[in-house]
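[1] Show me the folded form of this:
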Amino acid sequence: MRVPVLLTNGEQRSALAIARSLHARGIEVHALAAGDGGYAARSRAVREVVQAPRADADARGFLEAVHDVVRRRGIGLVIPVSDEDLVALDAARATFGDVRLAMRSEEHTSELQSQNAI
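    Reported below is the predicted structural model:
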């Protein structure tokens, strides 16, 4: 059985490409988006677009929205589409239990963040 997937930052064109690819494989796709939902809101590949604050503007609100969709829709995989989303999800990694996050290990993510700070 294929588990539903949640994409963050549905306004990005890369989110649209990911959604189309997953949808073509029969995977149910949901997306978070600020504003009007951007590309994800206009795609038949995305089953539901949920309004959520941007992670860089309101990390707590962003994470609450992610957890809400994960609970309501039985999401099994969250794919962060932007660096800001990745940082917020990494900080809350332990709160996701069995839900997979499409990102490297905590150690690798911390290393990447320190390299970007230089």
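[2] residue boundaries of the strands in this structure?
    Remark: strands assigned in the chain by DSSP state E are 5-7, 29-33, 48-51, 77-79, 100-101.
[3] Let me see the mean pLDDT of the last one.
    In other words, strand 100-101. Mean pLDDT, strand 100-101: 96.
[4] how deep is the nearest residue to residue 5 once chain neighbours are set aside tucked in, by neighbour count?
    Among residues not flanking residue 5 along the chain, residue 77 sits closest, at 4.8 Å (Cβ to Cβ, 6 or more residues apart in numbering). C-betas here are computed from N, CA, C, even on glycine. Residues near residue 77, counting by other Cβ atoms under 10 Å, number 17.
[5] Bridge partners for residue 77, pull those for me.
    On the basis of DSSP bridges, residue 77 is bridged to residue 5, residue 100.
[6] thinking it is in contact with residue 98, fair?
    No: Residue 77 lies out of contact with residue 98 (Cβ atoms under 8 Å); the separation is 10.7 Å.
[7] thinking again about what came up before, ranking the strands of the chain by burial, who's on top?
    strand 29-33 (a mean of 27; mean count of other Cβ atoms under 10 Å).
[8] Could you name the helices and strands sitting against that strand?
    For strand 29-33, the elements it packs on are strand 5-7, helix 13-24, helix 38-41, strand 48-51, helix 59-73, judged by 3 or more Cβ pairs under 8 Å, 6 or more residues apart in numbering; DSSP states H and E.
[9] Where does pLDDT dip in this protein?
    Across the chain, the ranges flagged by pLDDT under 70 are 1, 106-118.
[10] which residues touch residue 9?
    Counting by Cβ atoms under 8 Å, 6 or more residues apart in numbering, residue 9 makes contact with 15, 32-33, 54-55, 80-82, 85.
[11] how about the helices and strands packed on strand 29-33 in TSV, adding distance to residue 92?
    Output for the helices and strands packed on strand 29-33, formatted as TSV (distance: least, Cβ to Cβ, whole Å):
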stretch	distance to residue 92
strand 5-7	14
helix 13-24	20
helix 38-41	22
strand 48-51	17
helix 59-73	5
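[12] Highest mean neighbour count out of those?
    strand 5-7 (a mean of 25).
[13] What is that one packed up against?
    Where contact means 3+ Cβ pairs under 8 Å, 6+ apart, strand 5-7 is packed against helix 13-24, strand 29-33, helix 59-73, strand 77-79.
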